[in-house]
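Asks: I need the structure of the sequence given here:
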Amino acid sequence: MTSLPRRRVGTSDVEVSQLSLGSWHTYDRMDFADAVTMIRTAVAAGVNLFDVGVYGIPGMAPVFTDVLWSAIMRASGIPREEYLVSAKLWIEGFDDERGFRPQLTNAFLRGGFDYADLVILGDLRDAEVELEDLVDDLSGLARAGLVRAWGVNNWSATNIRALREIAAARGVDGPQIAQLKYSVARRSIPDGEPFAKLFAEGFTMQASDVLEGGILTGRTDLTREVGRDPGAVRDAIARSTAGLVELAEKLGTSAARLAVAFTLTHPANVTTLFGATKLAQLEDNLAAVDLVEQVGADELRALVEPFWADRGVVDPEGP
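Replies: Numbers count the residues shown, from 1 in each chain. Below is the predicted model:
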């Protein structure tokens with residue numbers, strides 16, 4: 001496997017590995033020693049970005065995957081300056097007086113770090129918040145040295161453009177990246193015209209939900225929570241999985257590696273986010289970089305075209 005290339009997040013000074021590891025429903029399902037081995041292997045292969053969210057919601061059972069990640073990183077012995085942390089901030093928890101700082105402080109406490117290389121704002125949904133307040137607060141956190149760059153998760157192209165225009169008017173850095181659902185099955189938003197215009201201006205993307213909770217690996221018996229299902233196409237995705245597995249076999253690879261490789265062909269995608277609970281899964285996904293080289297980006301995109309499930313169903317503008 002070749003060493004992972006790094007790409008710049010927007011116009012920031014943050015350079016991320018082409019593949020990155022997430023924490024949702026991951027480390028709390030692993031043996032601790034196995035997790036340490038997996039993290040060391042990932043970093044040795046060139047992975048430098050870890051997405052670490054605080055997923056606990058009042059009234060629900062507490063989640064500790066981010067706390068476990070902190071312990072895993074300490075046990076791995078990898079110095080903080082050798083990896084990047086992407087933290088999640090939730091719009092619903094934005095405080096009119098204190099902004100995002102309480103959330104960020106809690107993320108630092110649980111994750112064992114004292115600044116975030118990247119923060120991703122959660123879905124906007126119907127939250128009653130002024131976009132100007134978000135830009136002002138995040139620029140303040142950046143000035144304080146707590147945040148290096150920021151982006152959003154599954155926002156519409158229109159709202160992202162509004163954030164960028166507000167930031168430009170204030171003379172501060174705006175959002176540099178969008179974490180978007182992107183896979184062989186869900187392509188309408190990142191491949192659509194509204195986001196193409198943003199990408200042409202230097203805006204970037206992080207591909208997420210790339211294996212559809214494991215469905216695109218050939219496993220259709222879901223046993224854990226997975227992401228939302230825009231367009232209600234998940235059943236259609238599950239029905240098409242056998243064909244994807246068959247295509248992967250013809251190429252001499254796995255469905256998971258093929259699915260990850262597809263995401264690497266998007267020119268605006270600077271890093272693809274995935275979760276792994278086994279060393280073999282990590283190694284299979286890492287090999288996706290070489291698969292793109294072997295098959296060719298254009299050919300690979302053409303081969304998986306029949307598995308595009310949300311075409312004509314989901315608005316390319318985004319949520």
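Asks: quick one: the strands in the stretch 201-319 of the chain?
Replies: With strands called from DSSP state E, counting those that start in this stretch, the stretch 201-319 of the chain shows them at 204-208, 269-274.
Asks: Return the mean pLDDT over the first one, rounded to an integer.
Replies: Spelled out, it's strand 204-208. Taken as a whole, strand 204-208 carries a mean pLDDT of 98.
Asks: Next: the last one.
Replies: Averaging pLDDT along strand 269-274 yields 98.
Asks: What lies in contact with that strand?
Replies: 7-9, 16-22, 49, 51, 177, 179, 182, 190, 204-208, 210-211, 260, 263-264, 285, 288 (CB atoms under 8 Å, 6 or more residues apart in numbering). C-beta coordinates here come from the backbone N, C-alpha and C atoms, glycine included.
Asks: Buried ones only from these, please, as a PyMOL command.
Replies: Buried members of the contacts of strand 269-274, defined by 16 or more other CB atoms under 10 Å, are picked up in PyMOL with:
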select buried, resi 9+16+17+18+19+20+21+22+49+51+177+179+182+190+204+205+206+207+208+210+211+260+263+264+285+288
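Asks: Just send the strands of the stretch 201-319 of the chain back as JSON lines, with distance to Asp96 too.
Replies: What follows is these, written out as JSON lines (distance: least, CB to CB, whole Å):
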{"stretch": "strand 204-208", "distance to Asp96": "29"}
{"stretch": "strand 269-274", "distance to Asp96": "31"}
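Asks: Run through the stretch 51-200 of the chain and note the low-pLDDT ranges.
Replies: By pLDDT under 70, the low-scoring segments of the stretch 51-200 of the chain are 58.
Asks: now the helices for it?
Replies: Using DSSP state H, counting those that start in this stretch, the helices found in the stretch 51-200 of the chain span residues 65-76, 101-111, 131-143, 157-170, 193-200.
Asks: Of those helices, flag the one that's most buried.
Replies: Across the helices of the stretch 51-200 of the chain, averaging neighbours per residue (mean count of other CB atoms under 10 Å) puts helix 65-76 on top, at a mean of 20.
Asks: now the angle from that one to helix 101-111?
Replies: Put simply, helix 65-76 runs at 50 degrees to helix 101-111, going by axes from the mean of the first three to the mean of the last three CA atoms, to 10 degrees.
Asks: so how far is helix 65-76 off the chain centroid?
Replies: In terms of CA atoms, centre = their mean, to the nearest Å, the gap separating the centre of helix 65-76 from the centre of its chain is 19 Å.
Asks: contact partners of it?
Replies: For helix 65-76, contacts defined as CB under 8 Å, 6+ apart pick out 23-28, 32, 35-36, 39-40, 43, 50, 52-55, 83, 107, 110-113.
Asks: Quick one: buried ones out of those?
Replies: 23-28, 35-36, 39, 43, 50, 52-55, 83, 107, 110-113.
Asks: From these, which land in strands?
Replies: Phe50, Val52 (DSSP state E).
Asks: Tell me which residues touch Arg257, please.
Replies: Residues near Arg257 by CB under 8 Å, 6+ apart: Ala248, Asp284, Asn285, Ala287, Ala288, Leu291.
Asks: Distance of Arg164 relative to Val172?
Replies: 11 Å (CB to CB, to the nearest Å).
Asks: What residues does Arg80 make contact with?
Replies: With the criterion set at CB under 8 Å, 6+ apart, Arg80 makes contact with Phe113.
Asks: For Asp96, see how far away the closest residue in space to Leu104 that isn't next to it in sequence is.
Replies: Distance criterion CB to CB, 6 or more residues apart in numbering; nearest residue to Leu104, sequence neighbours excluded, is Leu146 at 6.2 Å. Using CB to CB, Leu146 is found at 19 Å from Asp96.
Asks: Show me which of the two is the more surrounded one.
Replies: More crowded of Leu146 and Asp96, by other CB atoms under 10 Å: Leu146, with 19 against 9.
Asks: so that one touches Ala107, yeah?
Replies: No. Look at Leu146 against Ala107 with CB atoms under 8 Å: they stay out of range, at 10.2 Å.
Asks: so what's in contact with the two at the same time?
Replies: Joint contacts of Leu146 and Ala107 (CB under 8 Å, 6+ apart) are Ala116.
Asks: Can you get me a residue count around Lys278?
Replies: A total of 12 residues lie near Lys278 under the criterion other CB under 10 Å.
Asks: let me redo that: Pro62
Replies: 9.
Asks: and it, what does it touch?
Replies: Gly56.
Asks: same thing with Ala256?
Replies: By CB under 8 Å, 6+ apart, the neighbours of Ala256 are Leu211, Leu216, Thr217, Gln281, Asp284, Asn285.
Asks: ok, now with 6 Å
Replies: Residues in contact with Ala256 (CB atoms under 6 Å, 6 or more residues apart in numbering) are Thr217, Asp284.
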